[in-house]
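Visitor: Kindly return the folded structure for what I paste below:
(one chain, ligands or ions: 2)
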Amino acid sequence: MLVLGLESSCDETAAAVVCDGTGLLSSVVSSQIADHSIFGGVVPEIASRKHLEAVADVVDKALSMAGISYSDLDGIAVTQGPGLIGSLLVGFSFAKAFAYASGLKWTGVDHLHGHIMSVFLEDNPPEFPFVALLVSGGHTSLYFVRDFLDYEIIGRTRDDAAGEAFDKVSKMLGLGYPGGQIIDKLSSEGDCGKYVFPRAWLEKGSLDFSFSGLKSSVRREIEKTGKENLSFEAAHIAGAFQESVIDVLIKKSLTALEKYKCKNFVLCGGVSANSGLRASCLSYFEKKNIKVFMPSLKLCGDNAAMIACAGYYKMKNNYFSDFEDEVYTRFLSV
Ligand code: KG4
Ligand code: ZN
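Guide: Ligands and ions are numbered 1, 2, ... in the order given. The predicted structure is shown next:
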């Protein structure tokens, strides 16, 4: 079954062709980072306009790179939510029109479900059940995943998402947007033991997260350091911040794995590209005999292959969308 995936929830216009939920035939991602970085964050109105300009070309490219034409497709999977409403509407309306004109079956996919499914596009996918930690710009959540379509949220952030914290700390340090990659690189040049920032464990056994206290603590340290010394201290501050985020993410994931008596762990979402987080997960969980699965770097951030993968399992199980269906902006509690 050949599925065309479409993703446009935030600032990436993406299309991909995936065979039977695993075989990646093509994946095209057109990023708008350059259009938003001068504003220090995503501007929703600009994002939807850019999606509109890019979507048809991105789909054409994905089909031609896969070496197929639209008549070879068996279905279309498109991100339905959560995300920016104007951005979502571009991809969703495009998929609706495509399905109407071609007569193909189609299905709306939850963006977060897509991120969890990204590991099934890799060579050694996990066995069920597993605990998934989804860390992105909008979400930081733990899931207990029983099957392709059977997943339950077991922890979430009470304020900022981890990726959002990376972006804000980068901004506070006077560095660029998006901040994740910048902080990741800078951290490797710093002494992460020079500063110690707080960890929000919350109530005993809690699987929820909170990063706003950490962010405030970093802000106070930056103010104390002063502009004139910031260039000497930025790498140490970035390193200590990243260390604090990683520590909380890993320990809370372990609590979840123990609570659900699970030996398989999946790390996914944009922040799963973080080199410190990837290395720490592998070394920490290996000692506990827990198998770690993560998408390759190109599938960590937003892409349409993960949407095609999730859509394949939905359509295989007869979950299809109707032309009356609409996008949703807030995340669904599953
Ligand atoms: O999953 P994603 O592409 O979009 C959302 O669904 O939100 O995640 C984007 C987030 C941004 O906050 C970005 O700064 C962060 O992922 N990110 C990183 C890294 N690469 C991207 N965070 C930490 N380290 C990285 N290497
Ligand atoms: Zn995402």
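Visitor: and residue 92, helix, strand or coil?
Guide: Classification of residue 92 by DSSP: H, G, I helix; E, B strand; the rest coil places it in helix.
Visitor: right, and it touches residue 80 too?
Guide: Yes - with contact defined as CB atoms under 8 Å, residue 92 reaches residue 80; the gap is 6.2 Å. All C-beta spots, glycine's among them, are computed from the backbone N, C-alpha and C.
Visitor: Mind listing the shared neighbours of these two?
Guide: 108, 327 (CB atoms under 8 Å, 6 or more residues apart in numbering).
Visitor: Would you map the strands across the stretch 151-300 of the chain?
Guide: 264-268, 291-293 (DSSP state E, counting those that start in this stretch).
Visitor: Reformat the ones you listed as JSON lines; add distance to ligand 2.
Guide: JSON lines is the format used below for these (distance: least, CB to the ion, whole Å):
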{"stretch": "strand 264-268", "distance to ligand 2": "9"}
{"stretch": "strand 291-293", "distance to ligand 2": "18"}
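Visitor: Check the ones you listed for me and report the most buried one.
Guide: Across those, averaging neighbours per residue (mean count of other CB atoms under 10 Å) puts strand 264-268 on top, at a mean of 24.
Visitor: That one near ligand 1 at all?
Guide: No - applying CB under 6 Å from any ligand atom, one finds strand 264-268 out of contact with ligand 1, separated by at least 8.4 Å.
Visitor: Can you show me the CA trace of that strand as PDB?
Guide: Taking C-alpha atoms only, strand 264-268 is exported to PDB below (Å, rounded to 0.1, in the frame of the first residue of the first chain):
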ATOM      1  CA  ASN A 264      11.500  -0.800  25.400                       C
ATOM      2  CA  PHE A 265      12.000   3.000  25.300                       C
ATOM      3  CA  VAL A 266      11.300   5.300  22.300                       C
ATOM      4  CA  LEU A 267      12.700   8.800  22.100                       C
ATOM      5  CA  CYS A 268      11.100  11.100  19.400                       C
END
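Visitor: for the record, mean pLDDT for that strand?
Guide: Strand 264-268 shows a mean pLDDT of 98.
Visitor: quick one: it to chain centroid distance?
Guide: Relative to its chain's centre, strand 264-268 lies at 13 Å (CA atoms, centre = their mean, to the nearest Å).
Visitor: Stretch 73-90 now?
Guide: 15 Å.
Visitor: Ok, stretch 174-187 next?
Guide: Its chain's C-alpha centre and that of stretch 174-187 lie 17 Å apart, by CA atoms, centre = their mean.
Visitor: Let me know whether the host helix or strand of residue 132 sits next to ligand 2.
Guide: If you go by DSSP states H and E, residue 132 is part of strand 130-135. No - using CB under 5 Å from the ion, strand 130-135 stays clear of ligand 2, coming no nearer than 8.4 Å.
Visitor: Adjacent strands (with direction) for that strand?
Guide: strand 140-147 (antiparallel), strand 264-268 (parallel) (DSSP bridges).
Visitor: residues contacting the residue in the stretch 1-150 of the chain that ligand 1 sits nearest to?
Guide: Distance from ligand 1 to each residue of the stretch 1-150 of the chain (CB to the nearest ligand atom) is smallest for residue 137, at 2.9 Å. By CB under 8 Å, 6+ apart, residue 137 lies in contact with 10, 161, 163, 164, 167, 178, 180, 270, 271.
Visitor: again, 6 Å this time
Guide: Residue 137 makes contact with 163, 164, 270 under the criterion CB atoms under 6 Å, 6 or more residues apart in numbering.
Visitor: That one belongs to a strand, doesn't it?
Guide: No - looking at residue 137 with three-state DSSP, it is coil, so not inside a strand.
Visitor: For residue 55, see how far away it is.
Guide: 21 Å (CB to CB, to the nearest Å).
Visitor: Residue 79 now?
Guide: With CB to CB as the criterion, residue 79 and residue 55 are 12 Å apart.
Visitor: what do you get for residue 259?
Guide: From residue 259 to residue 55 the distance is 42 Å (CB to CB).
Visitor: Look at these two and report which has more neighbours.
Guide: Higher neighbour count among residue 259 and residue 55: residue 55, with 21 against 15, using other CB atoms under 10 Å.
Visitor: So for residue 41, what's the nearest residue that isn't a sequence neighbour?
Guide: residue 177 (6.1 Å; CB to CB, 6 or more residues apart in numbering).
Visitor: Correct me if wrong: that neighbour contacts residue 40.
Guide: Yes - using CB atoms under 6 Å, residue 177 makes contact with residue 40 at a distance of 5.1 Å.
Visitor: quick one, which of the two is more surrounded?
Guide: Neighbour count, other CB under 10 Å: between residue 177 and residue 40, residue 177 has more, with 18 against 15.
Visitor: And residue 192, what's its pLDDT?
Guide: At residue 192, pLDDT is 86.
Visitor: who are the neighbours in contact with it?
Guide: 239, 240, 243.
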